[in-house]
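Student: Pasted the sequence and its predicted model underneath.
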Number of protein chains: 2
Amino acid sequence: MRIAVDAMGGDNAPKAIVEGVMLAKKDFPDIEFLLYGKENEIREYVTDETNITIIHTDEKITSDDEPVKAIRRKKEASMVLAAQAVKAGEADAIFSAGNTGALLAAGLFIVGRIKNVERPGLMSTLPVIGQKNGGFDMLDLGANADNKPEHLVQYAVLGSFYANRVRGINKPRVGLLNNGTEETKGSELTKKTFELLSENKTINFIGNVEARDLLNGPADVVVTDGFTGNAVLKSIEGTALNMMSLLKTSILDEGIKGKMGAMLLKNALRGMKSEMDYSKHGGAVLFGLKAPVVKTHGATGPDAVRYTIRQIRTMLITDVVSQLVEYYEGK
Amino acid sequence: MRIAVDAMGGDNAPKAIVEGVMLAKKDFPDIEFLLYGKENEIREYVTDETNITIIHTDEKITSDDEPVKAIRRKKEASMVLAAQAVKAGEADAIFSAGNTGALLAAGLFIVGRIKNVERPGLMSTLPVIGQKNGGFDMLDLGANADNKPEHLVQYAVLGSFYANRVRGINKPRVGLLNNGTEETKGSELTKKTFELLSENKTINFIGNVEARDLLNGPADVVVTDGFTGNAVLKSIEGTALNMMSLLKTSILDEGIKGKMGAMLLKNALRGMKSEMDYSKHGGAVLFGLKAPVVKTHGATGPDAVRYTIRQIRTMLITDVVSQLVEYYEGK
């Protein structure tokens, strides 16, 4: 299998990206990597050239670029070339830690939607607290700002395929994010979606779930519109970050006593941080496209890159995208 | 001033409610309390009868009651009688820790909206981390499931009045919760709202704010639709609760080392918890009604009741509701 890597995307590119690729290469000798970007900068971090092809380009998309414009005008950008490679069949999937909007645009306009999937959604596996390696798949996390009930039903199907094929969950439980668990609760959008999900025989719909309970894992797949999904994801991340830094400050404020306490709790604090860190599940997939298009945080380090490569590999091995194509085009 | 208290609402009622009233009574001898509920149960916790009137009723609304039905059918419920007292001018405000939906219904149907305020919103002062007593006012937190741009503009005005009059903030900065800070970002709702807020001369609109940054205090007032507001509030609360319990488990897992560490960090952990606890700012106000209608968490203890009474008193002293009436009816 061949993965096209946008080596220039992200705050720590190309260093973190190429170092992550090197780690993944050791784990998975069955992957060929196509690295797009500045050859001399990339080569600096290539410690072993087997299964590595560097495709040089000087152009790249920055985090400040306006996504759609950037994709259209910067035709030689590393991200664009990587997407073109997938389109041309030269690569099976694309990885980037760059401008999220631009990657969404490259996914939609270059790689292309699966026929009959109206609005691909951005999906991540988020952590379930208290379950080692537990997680739930949530989408749309912000690929769309406005969604219709029919889109959310597609997210339920997409998420179920992913949870089942890629994460090995039997009959994944699908929950609808709502402002109450009762059937009658919700906005116009969620009420109509509830009806449609209840009628859908493809999925295992278990009803409404509330934002307060998400991290306790009430469902394996949680569907919501892209605006709410984005707000919820960012609220969770913002709160977690703030609490970690609040904990740090509170400990520092205690002086020597704090230092000693922190030393004794080092493992506990590390374990806590690791449980909240969901990068082990991989990156965010723009799901509903003809090939895996996967994004990790811009501030990502080599380990997150490695986990995301592992995730892409599992998507390719399980052939989840072809199965979706069959499901949606076979209809 | 007279505050009508639903003494039977909440998980720990009437104990926590009446104990909280007793605490508030010591702080503020200028408040008369009308306590609605079972007289013998309430009297058990009344340690001093000055400024206390008990209005006996056997009926109460439970957390399982369907809100609108309950308000209409349980005409003798403690919450309904308290709202009726406000309507009749026998009390200036209502406090409850009971069924949120029922209190919203009682507020809308019994106390009534300020003329020209279309959709009163649920507003809380949420914590700003790293600022002792810092906070921002956010609404709508879920009084409505669907909102129009015009409603969000009203929330901006309502929130600005509150932040200015009740919290003493000069020219409160108003932010629109959005899925990006750029002007062009957003859903149909937020794009249209952005336009309207930019044109509004009454408020100090500073642009979009993202959910990730909320707890860092990018604005004094944050407006959003009730569905998103509810999801964001619950995400923040759920994440904070999960992290506190994760921290606890991680510490316990470390055995004796964990115990010693936790002992050394006792003050730090307590300070952290207290900084996240926003009950010191009071409860959630259903804002846009003809009188203060204020709710605290069902699981509330006496201190949160006390803080909410303080908040109601400040609302009454600053006369913020009359000023809103003037603003909206004077138009």
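Tutor: Noted; the coordinates are in hand.
Student: centroid residue for chain A?
Tutor: The residue lying closest to the centre of chain A (C-alpha atoms, centre = their mean) is A:A284, at 0.8 Å.
Student: Contact partners for it?
Tutor: A:100, A:122-124, A:141, A:294-296 (C-beta atoms under 8 Å, 6 or more residues apart in numbering or on different chains). C-betas here are computed from N, CA, C, even on glycine.
Student: 6 Å instead, please
Tutor: A:122, A:124, A:295 (C-beta atoms under 6 Å, 6 or more residues apart in numbering or on different chains).
Student: quick one: which of those residues is nearest to chain B?
Tutor: Relative to chain B, the closest of those is A:L122; by C-beta to the nearest C-beta it sits at 11.2 Å.
Student: Report the secondary structure state of A:G98.
Tutor: Look at A:G98: counting by DSSP: H, G, I helix; E, B strand; the rest coil, its state is coil.
Student: What is the three-state secondary structure of the residue nearest to it when sequence neighbours are not counted?
Tutor: Nearest non-adjacent residue to A:G98, counting by C-beta to C-beta, 6 or more residues apart in numbering or on different chains: A:G9, 2.3 Å away. Following three-state DSSP, A:G9 is assigned to coil.
Student: burial of A:G9, as a residue count?
Tutor: The tally of other residues near A:G9 (other C-beta atoms under 10 Å in any protein chain shown) stands at 31.
Student: now swap in A:T181 and tell me
Tutor: Using other C-beta under 10 Å, A:T181 has 14 neighbouring residues.
Student: With A:K87 instead?
Tutor: With other C-beta under 10 Å as criterion, A:K87 counts 18.
Student: Quick check, pLDDT for it.
Tutor: Note for A:K87: predicted pLDDT of 97.
Student: And for A:K331?
Tutor: Value for A:K331, per-residue pLDDT: 56.
Student: And A:K259, by the same measure?
Tutor: Reported pLDDT for A:K259: 88.
Student: Which elements pack onto the helix or strand hosting it?
Tutor: Taking DSSP states H and E as the definition, one finds A:K259 inside helix A:255-264. Applying 3 or more C-beta pairs under 6 Å, 6 or more residues apart in numbering or on different chains; DSSP states H and E, one finds that helix A:255-264 contacts helix B:255-264.
Student: And the strands in chain A, which stretches?
Tutor: A:2-6, A:32-37, A:52-56, A:93-96, A:121-127, A:135-139, A:173-177, A:204-209, A:221-223, A:284-287, A:293-295 (DSSP state E).
Student: and the direction of the fifth one versus that of strand A:135-139, what angle?
Tutor: Right, the one you point to is strand A:121-127. 160 degrees (axes from the mean of the first three to the mean of the last three C-alpha atoms, to 10 degrees).
Student: Can you name the residues in contact with strand A:121-127?
Tutor: The contact list for strand A:121-127 (C-beta under 6 Å, 6+ apart) reads A:135-143, A:155, A:278, A:281, A:284-287.
Student: Using PDB, write out every CA atom in it.
Tutor: The C-alpha trace of strand A:121-127 is given here as PDB (Å, rounded to 0.1, in the frame of the first residue of the first chain):
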ATOM      1  CA  GLY A 121     -18.000  14.400   7.700                       C
ATOM      2  CA  LEU A 122     -14.900  15.000   9.800                       C
ATOM      3  CA  MET A 123     -14.600  12.100  12.300                       C
ATOM      4  CA  SER A 124     -12.300  11.300  15.200                       C
ATOM      5  CA  THR A 125     -12.100   8.600  17.700                       C
ATOM      6  CA  LEU A 126     -12.400  10.400  21.100                       C
ATOM      7  CA  PRO A 127     -11.500   8.900  24.400                       C
END
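Student: quick one: the residue nearest to the centre of chain A from A:D253, how far?
Tutor: 36 Å (C-beta to C-beta, to the nearest Å).
Student: which helices and strands sit right next to the helix ranked longest in chain A?
Tutor: In chain A, assigned by DSSP state H, the helix with the most residues is helix A:226-252. Applying 3+ C-beta pairs under 6 Å, 6+ apart, we find helix A:226-252 packed against helix B:226-252, helix B:266-276.
Student: a markdown table for these, including mean pLDDT and mean neighbour count?
Tutor: Below are the helices and strands packed on helix A:226-252 laid out as a markdown table (pLDDT from 0 to 100; neighbours: other C-beta atoms under 10 Å in any protein chain shown):
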| stretch | mean pLDDT | mean neighbour count |
| --- | --- | --- |
| helix B:226-252 | 93 | 22 |
| helix B:266-276 | 85 | 18 |
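Student: Rebuild these as TSV, extending it with distance to A:F33.
Tutor: Below are the helices and strands packed on helix A:226-252 laid out as TSV (distance: least, C-beta to C-beta, whole Å):
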stretch	distance to A:F33
helix B:226-252	36
helix B:266-276	43
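Student: And these: which comes nearest B:A83?
Tutor: helix B:226-252 (20.9 Å; C-beta to C-beta).
Student: between the closest one and strand B:121-127, how big is the angle?
Tutor: Interaxial angle, helix B:226-252 versus strand B:121-127 (the same axes, to 10 degrees): 30 degrees.
Student: Quickly note the distance from the closest residue in space to A:L241 that isn't next to it in sequence to B:D65.
Tutor: Once flanking residues are discounted, A:L241 sits nearest to B:R212: 7.8 Å by C-beta to C-beta, 6+ apart. As judged by C-beta to C-beta, B:R212 and B:D65 stand 37 Å apart.
Student: do A:K248 as well
Tutor: From A:K248 to B:D65 the distance is 44 Å (C-beta to C-beta).
Student: What's the local residue count around the residue nearest to A:L241?
Tutor: 19.
Student: I appreciate the help and will end here.
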